[in-house]
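J.: next input, structure requested:
(one chain, ligands or ions: 2)
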Amino acid sequence: MTQVAAIIGGGVIGGGWAARFLLNGWDVRVFDPDPEAERKIGEVLANARRSLPGLYEAPLPAEGRLSFHSEISEAVTGAAWIQESVPEQLAMKQKVYRAIQAHCDPAAVLGSSTSGFKPSELQEAALRPAQIMVCHPFNPVYLLPLIEVVPTEQSDIAIVARAEDMLRQMGMYPLRVRKEIDAHIADRFLEAVWREALWLIKDGIATTEEIDNAIRYGFGIRWAQMGLFETYRVAGGEAGMRHFMAQFGPALKWPWTKLMDVPEFTDDLVDMISDQSDAQSGMHSIRELERIRDNNLVGMMRALKAQDWGAGALLKGQDQHLSAQAGMVRHVADLQAGGLTETLRRAVPLDWTDYNGHMNEARYLQAFGDATDRFMEIVGCDAAYIASGGSYFTAETHIRHIDEVHAGKVIRVETYCAEGVGKKMHLFHKMFEGDRLLATGEHMLIHVSLETRKASAPSAQVAQNLERIATAHRALARPEGLGRSVGRK
Ligand SMILES: NC(=O)C1=CN([C@@H]2O[C@H](COP(=O)(O)OP(=O)(O)OC[C@H]3O[C@@H](n4cnc5c(N)ncnc54)[C@H](O)[C@@H]3O)[C@@H](O)[C@H]2O)C=CC1
Ligand SMILES: C[N+](C)(C)CC(=O)CC(=O)[O-]
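T.: Ligands and ions are numbered 1, 2, ... in the order given. Next comes the predicted model:
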């Protein structure tokens, strides 16, 4: 049965949560008194639809239903997860919990997006304190996986564990904060960096743009993949962390930080920062900036996936979960009789699109290459077989580009095996979006020994599986376009 999430407060963060739940197949009910909430969430959702699905190599589940409610009771009744994302005011949050708990299921997860309040403060004066915990996300919630989960000693640990499990199901990374503290873990860093930045501007040392450049051309990229301690361990050279601390430990006593002081937030300082920020970024609307940010995040996270590292390793694990959930065939024994073989189903990633605003021609080959890899796996040429020394190399390819497709759209590939005899594997892929034919790809592959790098016979099992599929496909209509070459009519 479809699970229901209630989003209480649908601004920047509530909108991001709504998108994360919806695109993972949950129904979402929103309660927000802002008459503009529906429009704003619609815009966040549009950004999420073009960026999140393409992070994965398998399709997300069918999108859930989104509804808006004028009564909090209507939104929360029967919901398995209630996420509070109202403004950062303690009294307001506490009042909202009382309204929620008067109607919600006592076993539901009741998470708060609070950036800084401790869960014990949120629990004060609640009807059922044990149900409330901090689930602190990062903007954009639909792309960034981290959720700081902060319970208290009063918390119902079964609900906390269930919340963490549900977050993992949605491809997120719950980081349990073992001891509550103002601003949790991550926002303590952000606050420290923010304070330093305010001083640098106030003291006329740097502009908003220079500070952003100091981050994005250097340590910001480094932090995204190794964090702080692993980065500094490497910075210690061969002697590692101890050497790093010996060298930079004394700096702790030097005036390298103004962290204990907070610059006064005068009108002058606010004006100076706003003006500099307008000059730096005012040529882009906020929605444009969000799309630029999302393009960059998707590219970086997919690059980390190729390295099986950090947030990318998390994506890789989620790929396997989504692939199994979508029923993608991985073995010849699981093929349905009488049809073509589905070898790829996924959304078009943002970083596959080009200056023409659609999927770049090279990515058609990438998708067909991935489909071929899957076909090889299905006939038994899987990772273990390849590790044992046998594989296929592509000898010839012919692609027809028939129609365009855009980021976030689900494409699928059906594969016809035209020949599977001896060393040869002759495949004809058709790529679709829905029923619309986008491209065909014809590929001749030759089985090789990875030791001699020369053509060789496949194992008896692979040959038999291949022959079985080729025989079944010969009984089907010969695909239009098979055997065509580039030429004028
Ligand atoms: N903006 C950010 O970068 C992040 C914010 N957070 C936290 O998320 C929470 C929400 O922040 P934002 O989304 O940035 O604020 P926001 O101002 O964009 O959205 C707040 C929303 O709550 C609605 N609202 C006000 N009173 C309400 C009520 N009684 N019931 C239901 N809805 C109500 C408002 O109409 C508004 O749409 C805060 O606790 C904040 O600390 C967490 C992570 C990052
Ligand atoms: C600025 N902030 C404290 C609201 C930031 C966060 O809470 C997390 C984020 O997304 O940066």
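
J.: what residue in this structure comes nearest to ligand 2?
T.: Ser115 (3.3 Å; C-beta to the nearest ligand atom). For glycine as for every other residue, the C-beta is placed from the backbone atoms N, C-alpha and C.

J.: strands along the chain, start to end?
T.: 4-8, 27-31, 66-69, 81-84, 109-112, 132-136, 146-150, 173-176, 341-347, 390-401, 410-419, 424-433, 436-449, 454-455 (DSSP state E).

J.: tabulate the ones you listed (JSON lines), appending mean pLDDT.
T.: Compiled in JSON lines, those are given as follows (pLDDT from 0 to 100):
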{"stretch": "strand 4-8", "mean pLDDT": "98"}
{"stretch": "strand 27-31", "mean pLDDT": "98"}
{"stretch": "strand 66-69", "mean pLDDT": "98"}
{"stretch": "strand 81-84", "mean pLDDT": "98"}
{"stretch": "strand 109-112", "mean pLDDT": "98"}
{"stretch": "strand 132-136", "mean pLDDT": "98"}
{"stretch": "strand 146-150", "mean pLDDT": "98"}
{"stretch": "strand 173-176", "mean pLDDT": "98"}
{"stretch": "strand 341-347", "mean pLDDT": "95"}
{"stretch": "strand 390-401", "mean pLDDT": "97"}
{"stretch": "strand 410-419", "mean pLDDT": "97"}
{"stretch": "strand 424-433", "mean pLDDT": "98"}
{"stretch": "strand 436-449", "mean pLDDT": "98"}
{"stretch": "strand 454-455", "mean pLDDT": "98"}
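
J.: could you dump the ones you listed into CSV with mean neighbour count and distance to ligand 1 added?
T.: Shown next, in CSV, are those (neighbours: other C-beta atoms under 10 Å; distance: least, C-beta to the nearest ligand atom, whole Å):
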stretch, mean neighbour count, distance to ligand 1
strand 4-8, 28, 5
strand 27-31, 24, 6
strand 66-69, 16, 10
strand 81-84, 26, 8
strand 109-112, 27, 7
strand 132-136, 26, 6
strand 146-150, 23, 10
strand 173-176, 16, 14
strand 341-347, 22, 26
strand 390-401, 16, 41
strand 410-419, 21, 29
strand 424-433, 22, 34
strand 436-449, 20, 38
strand 454-455, 11, 57
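
J.: I'd like these as CSV, with distance to ligand 2 appended.
T.: Below are the strands of the chain laid out as CSV (distance: least, C-beta to the nearest ligand atom, whole Å):
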stretch, distance to ligand 2
strand 4-8, 17
strand 27-31, 20
strand 66-69, 23
strand 81-84, 14
strand 109-112, 12
strand 132-136, 6
strand 146-150, 9
strand 173-176, 13
strand 341-347, 24
strand 390-401, 40
strand 410-419, 29
strand 424-433, 33
strand 436-449, 37
strand 454-455, 54
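
J.: among those strands, which is nearest Tyr217?
T.: strand 146-150 (23.5 Å; C-beta to C-beta).

J.: what's that closest one in contact with?
T.: 118-119, 133-138, 160, 163-164, 167, 172-177, 180, 184-186 (C-beta atoms under 8 Å, 6 or more residues apart in numbering).

J.: centre of the chain to that strand, how far?
T.: Chain-centre distance of strand 146-150: 16 Å, with C-alpha atoms, centre = their mean, to the nearest Å.

J.: restricting to C-alpha, output that strand in CSV.
T.: Written as CSV, here are the backbone C-alpha positions of strand 146-150 (Å, rounded to 0.1, in the frame of the first residue of the first chain):
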residue,chain,number,x,y,z
LEU,A,146,22.2,13.7,4.7
ILE,A,147,19.6,13.7,7.4
GLU,A,148,20.8,14.3,11.0
VAL,A,149,18.6,12.2,13.2
VAL,A,150,18.6,13.4,16.8
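
J.: can you list the strands that that strand pairs with?
T.: Strand pairing for strand 146-150, using DSSP bridges, gives strand 132-136 (antiparallel), strand 173-176 (parallel).
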